[in-house]
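Engineer: Need coordinates for the following:
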Amino acid sequence: MDKWLMVLGASYDQIPMLTAARGMGLKVVAVDGDREAPGRAISDEFHAIDVMHSAEVLQVARSRGIAGIATMVSNLGMRTVAEVAHELGLPAISPGAARRATDKSSIKTVLQQAGIPVPRGIGCSRPEEAHSAIRSLGLPVMVKPADGTKGRGISLVDDAGRVEDGVVHAFRWSPGKRVIVEELVHGPTVGAECLIVDGELIPVLITDKYNTDPPWFVTLGLTTPTRLPEETCRLVEETAAAVARALELTMGAAHIDMIVQEGIPRVIDVGPRLASGPVIFEFAPRLMSVDMIECVIRMALGERPVVEKRWNGRYGASRFLIVAERGCMYTMEFPASPVEFSFFPYRELGCPVGPPRTDKDRLGCIAITGDGYHKTSERATQLAAAIKVRVAG
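Structural biologist: Below you'll find the predicted structure:
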């Protein structure tokens with residue numbers, strides 16, 4: 001009898017999970033609000049339903065008799081994963097844990113109560129509350145949607161003239177119309193890409209992340225494994241484990257961003273799911289011999305994956321392509337490269353593009369692996385800079 005896995009989302013970001021499930025011999029039913037989602041073509045069954053409409057998703061899951069439900073990248077999709085799994089008696093984190101771990105205000109409250117370092121912040125449900133919070137914390141501050149994803153709605157407010165724009169921008173991108181005003185902390189940004197098996201957090205990769213300049217802070221790339229000192233790396237891993245315990249993340253994956261300020265990792269974002277990009281589907285298996293996507297799928301099916309992390313001594317670097325001007329992307333030219341690289345397009349020729357304000361403004365991603373942290377990182381940066389994207393204004 002066929003075993004069916006439901007995957008919430010069929011966007012480009014979900015294709016690695018859809019492909020992995022098919023490769024494991026599973027039948028896949030995908031759900032996405034976009035009728036033209038690219039993952040539709042590689043799914044055995046597709047339903048055009050918004051992943052946040054849990055009642056409709058549950059109806060499809062029941063009728064198909066799914067054996068498991070999963071997603072990657074989508075924070076809010078994890079709420080529906082948890083709700084549907086709870087109703088059907090399938091493995092997943094609890095609905096309460098999913099709600100807490102996808103709400104920045106709740107995350108901050110829970111982590112503060114657990115003694116885990118986070119930037120000071122104030123949750124706000126009305127614009128006037130956000131203005132008051134900014135006055136209370138003092139400039140500069142970060143203003144972000146409490147329930148946002150993919151960097152949407154996040155900006156730095158470092159000048160009195162930017163306060164109104166920052167507040168309006170954050171509320172516009174918040175589905176629940178709630179924002180958080182947070183102190184700005186300084187230091188290198190790192191990401192912890194983790195699996196959680198039977199309640200035990202396993203840090204698979206720690207990455208060094210690079211962002212655009214203020215005010216938007218869009219991630220432009222990463223290099224992994226981190227070059228942080230061993231003691232700091234240990235603190236990052238311990239902090240990630242403490243985050244999972246505090247938020248009651250008992251299985252699946254966790255994507256946790258931190259800023260290391262004066263040697264102390266401070267948690268700035270949590271996702272109870274797999275991250276996007278080649279760090280998951282290229283670097284984890286190639287550098288650490290861990291197929292994180294397969295592990296998440298197996299846990300969704302009630303199986304216990306065997307995770308044996310073995311670093312092969314090499315490094316991985318990815319860089320996202322962006323443009324400086326707004327217009328229509330009409331050509332993309334790749335240079336001859338002495339190193340092998342992978343390219344993952346996010347936008348098609350002819351699409352409107354513009355300067356990076358959120359993660360959705362990135363055009364594609366290149367990824368390479370190599371010997372030596374600095375050599376691999378520099379090669380990735382040079383390669384991304386050599387790719388010529390022409391935009392018609």
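Engineer: Could you tell me which residues make contact with Thr224?
Structural biologist: Leu205, Ile206, Thr207, Asp208, Val279, Phe283, Leu287, Tyr315, Gly316, Ala317 (Cβ atoms under 8 Å, 6 or more residues apart in numbering). For every residue, glycine as well, the C-beta is placed using N, CA and C.
Engineer: can you give me the strands in the stretch 151-300 of the chain?
Structural biologist: Secondary structure of the stretch 151-300 of the chain (DSSP state E, counting those that start in this stretch): strands located at 155-157, 179-183, 189-197, 200-211, 219-224, 252-261, 264-271.
Engineer: Looking at those strands, which is nearest to Thr71?
Structural biologist: strand 252-261 (9.8 Å; Cβ to Cβ).
Engineer: if we can go back for a sec, show me the one of the strands of the stretch 151-300 of the chain that comes nearest Cys351.
Structural biologist: Comparing the strands of the stretch 151-300 of the chain by Cβ to Cβ, strand 219-224 comes nearest, at 19.3 Å.
Engineer: For the closest one, which strands pair with it and how are they oriented?
Structural biologist: strand 200-211 (antiparallel), strand 315-321 (antiparallel) (DSSP bridges).
Engineer: Format these as CSV; extra columns: mean pLDDT and distance to Gln261.
Structural biologist: Listed next are these as CSV, based on pLDDT from 0 to 100; distance: least, Cβ to Cβ, whole Å:
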stretch, mean pLDDT, distance to Gln261
strand 200-211, 97, 15
strand 315-321, 97, 24
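Engineer: Go through those strands and name the closest to Asp50.
Structural biologist: strand 315-321 (26.7 Å).
Engineer: How about residues contacting that closest one?
Structural biologist: 219-225, 277-279, 282-283, 286-287, 362-373, 376-377, 379-381, 383-384, 387, 389.
Engineer: Which parts of the stretch 1-150 of the chain are strands?
Structural biologist: Using DSSP E, counting those that start in this stretch, strands in the stretch 1-150 of the chain cover 4-8, 27-31, 45-47, 68-70, 121-124, 141-145.
Engineer: So what touches the fifth one?
Structural biologist: Residues outside strand 121-124 that contact it (Cβ under 8 Å, 6+ apart): 104-105, 108-109, 129-130, 132-133, 136-137, 146, 178-183.
Engineer: So what's the gap between that strand and the chain middle?
Structural biologist: 22 Å (Cα atoms, centre = their mean, to the nearest Å).
Engineer: how about that strand as PDB, C-alpha atoms only?
Structural biologist: Provided in PDB are the C-alpha atoms of strand 121-124 (Å, rounded to 0.1, in the frame of the first residue of the first chain):
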ATOM      1  CA  GLY A 121      12.400  44.100  23.300                       C
ATOM      2  CA  ILE A 122       8.700  45.200  23.600                       C
ATOM      3  CA  GLY A 123       5.700  43.600  21.900                       C
ATOM      4  CA  CYS A 124       3.200  46.000  20.400                       C
END
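Engineer: tell me the phi and psi of the nearest residue to Asp147 once chain neighbours are set aside?
Structural biologist: Setting aside the residues directly before and after it, Asp147 is nearest to Gly176 in space (Cβ to Cβ, 6 or more residues apart in numbering), at 5.0 Å. Backbone torsions of Gly176, given as degrees, to the nearest 10, read phi -90, psi 10.
Engineer: Could you do Val118 as well?
Structural biologist: Taking degrees, to the nearest 10 as the convention, Val118 sits at phi -140, psi 160.
Engineer: quick one on the thing from earlier: now the contacts of strand 315-321: which count as buried?
Structural biologist: Buried members of the contacts of strand 315-321, scored by 16 or more other Cβ atoms under 10 Å, are 219-225, 277-279, 282-283, 287, 362-370, 373, 376-377, 379-381, 383-384, 387, 389.
Engineer: Take the residues you listed and keep only those in helices.
Structural biologist: Pro278, Leu287, Tyr373, Thr376, Ser377, Arg379, Ala380, Thr381, Leu383, Ala384 (DSSP state H).
Engineer: From the residues you listed, pick the one nearest Met329.
Structural biologist: Ala384 (15.5 Å).
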